[in-house]
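Compute the structure for the input listed below.
(one chain, ligands or ions: 3)
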Amino acid sequence: MNHSYDDTTSALRAAEHVDAARLLRSIDALATIGARGDGGVDRPALSTLEIDARRGLIERAQALGCTVSTDACANLFFRRAGEEDLPPVITGSHIDTQPTGGRLDGAYGVLAGFECLAALADAGVHTRRPLEVAIWTNEEGSRFQPGAMGSSTFVDPARLAGFRSVRDAAGVTFGATLDAHRTAFPSLATRAPGAAHAFIELHIEQGPLLELAGTPLGVVTGIQGVRWHSIRCTGAAAHAGTTPMRVRRDAMTLAVRVRGEIEAFALELGGDAARITFGSWHIEPNSINTIPSTVTLTVDFRHPDPAVLARFDAALAACIAHHGADVHLEPLFEHPPVHFADSAIARVRSACDALGARSQPIVSGAFHDALHLAKQCATAMIFVPSRGGISHNPLEATDDADLVLGTRALAHCLVELCNEAH
Ligand code: HGY
Ligand code: MN
Ligand code: MN
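Residues are numbered from 1 along each chain as shown. Ligands and ions are numbered 1, 2, ... in the order given. Presented below is the predicted three-dimensional model:
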């Protein structure tokens, strides 16, 4: 069937067929898998909880007439056929969460993608290109470091080998969870690697800027740079009651000193835009009456300026060297700031305009799978406001009207991109 792909009416029709109640029901339903008692969600990457969630979404995609495929990093792809067998437009995000996560981080982008699939079907919209909704594996990087493993191996498959041996706090390897995923879904087709026409990710802002500006939609132009490290501080276990203070080698005393030094130069170098977090600590033997022998802490540094990131790297190396053999640094993840493709940003902006919605440009403080997809195809993101700027917290929330408007903007943008000939 030959369709004219020039008219923008199909993009508007798709946006109009976004069903608010169906979208909100799907968010409520997914949030029950890994639900915490405080309204948040704890659904670790490739845990049995995430496997359960994936099973339900596979069934929903099949009911929508989509073909379902996976790859060696357990990314899932739900494909709606296009009229022409061209590289697809991909949308989607992640459904793994932080331990005290919210119900929207990642999940919203995946479920909005599903809502777009349903809206296109309801509107009878046919597109030139296939449309795929993706679930990227281990975006959070909370259970297995680094984050965004699935999207990074989609873009660079050679990275998977190094990820398989990464262990979580219980000693389970990422490779073992990948094998369990394949066992859980033995009949899924394997998706041919690469070749996407464009990638658009819809996500909550996770910060305060859109809400403070009273703007319902963010046209995300890029993502700031990130550095993750693990630092092991070594001391000597000894008796808390008998060991004089002057002879102790207390690993916690050393770790607290190192933390203070890093925070000081990070804020000095980065100014107000600096974001430094020491979020995960592991103490051995972790006993009330034994002086800590080892303390391992993590560093998460973010900044939009590559020159500041380079100066942070140099200052960190000098700080570690100054402490000699008792302090060991293990790099976990680093990525420079990313600027999205102007063509994709323009599509997002024109979708917001077509819906008569106010929007503003914004750089993402959080990283997302779009960080990696931007290396392979025209990529951009759409943000909706986070209430109080809160995220990675059970209180994470966004007004229903904004959730629906963001999904309508996504539907419009995806149809326009799917109808591009080149
Ligand atoms: O850490 C991040 O920026 C993302 O939320 N995983
Ligand atoms: Mn996220
Ligand atoms: Mn997150």
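
can you list the residues of this protein near ligand 2?
Contacts of the chain with ligand 2, taken as C-beta under 5 Å from the ion, map to 105-106. Every residue, glycine included, has its C-beta placed from N, CA and C.

Return the residue of the chain that is most distant from the centre.
Thr242 (48.2 Å; C-alpha atoms, centre = their mean).

Beta-bridge partners for Ser93, please?
Beta-bridge partners recorded for Ser93 (DSSP bridges): Ile135.

ok so, going back, assign a three-state SS to the residue farthest from the centre of the chain, would you?
Secondary structure for Thr242, judged by DSSP: H, G, I helix; E, B strand; the rest coil, is coil.

Kindly confirm my reading that Thr221 is in a strand.
Yes - assessed with three-state DSSP, Thr221 lies in a strand.

Could I get the contacting residues of it?
339-340, 345, 361-363, 380 (C-beta atoms under 8 Å, 6 or more residues apart in numbering).

Nearest to Ile58 among those?
Ile58 lies nearest to Ala380 out of the contacts of Thr221, by C-beta to C-beta, at 27.2 Å.

show me the contacts for that closest one.
200, 219-221, 340-341, 344-345, 347-348, 370.

out of these, which are inside strands?
200, 219-221 (DSSP state E).

hmm, stretch 326-333 touching ligand 1?
No - counting by C-beta under 6 Å from any ligand atom, no contacts exist between stretch 326-333 and ligand 1, the nearest distance being 9.3 Å.

chain center to that stretch: distance?
23 Å (C-alpha atoms, centre = their mean, to the nearest Å).

In CSV, list the contacts of Ala380 along with pLDDT and distance to Ser142.
Shown next, in CSV, are those (pLDDT from 0 to 100; distance: C-beta to C-beta, whole Å):
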residue, pLDDT, distance to Ser142
Ile200, 99, 25
Val219, 98, 28
Val220, 98, 22
Thr221, 98, 27
Phe340, 98, 25
Ala341, 98, 29
Ala344, 98, 28
Ile345, 98, 29
Arg347, 98, 32
Val348, 98, 28
Ala370, 98, 19
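
returning to what we had before: what's the most distant pair in the contacts of Thr221?
Within the contacts of Thr221, His339 and Ile362 form the most distant pair, 12.8 Å apart (C-beta to C-beta).

The two: which has the busier surroundings?
Neighbours were counted for His339 and for Ile362 using other C-beta atoms under 10 Å; Ile362 has more, 20 against 11.

contacting residues for that one?
205, 209-210, 218-221, 383.

Quickly find the element holding it.
strand 359-364 (DSSP states H and E).

next one: Phe114
helix 107-123.

Neighbour-wise, give me the winner out of the contacts of Ile362.
Phe383 (29 neighbours).

Quick check: the gap between the residue lying closest to it once chain neighbours are set aside and Ser386.
Nearest residue to Phe383 in three dimensions, chain neighbours excluded: Gly218, at 3.1 Å (C-beta to C-beta, 6 or more residues apart in numbering). Distance of Gly218 to Ser386, given as C-beta to C-beta, to the nearest Å: 10 Å.

Pull up the overlap in contacts between these two.
205, 210.

who in the stretch 101-250 of the chain is up against ligand 1?
Residues of the stretch 101-250 of the chain lying near ligand 1 (C-beta under 6 Å from any ligand atom): 139-141, 147.

sorry, back to before: can you list the strands that the strand holding Ile362 pairs with?
When DSSP bridges is applied, strand 359-364 pairs with strand 217-223 (parallel).

quick one: the strand it pairs with to chain centroid distance?
The answer for strand 217-223 is 14 Å, by C-alpha atoms, centre = their mean.

Against which helices or strands is whatever helix or strand comes next after that strand packed?
Going down the chain from strand 217-223, the next helix or strand is strand 225-234, by DSSP H and E. Where contact means 3 or more C-beta pairs under 8 Å, 6 or more residues apart in numbering; DSSP states H and E, strand 225-234 is packed against helix 251-270, strand 294-303, helix 306-322, strand 327-335.
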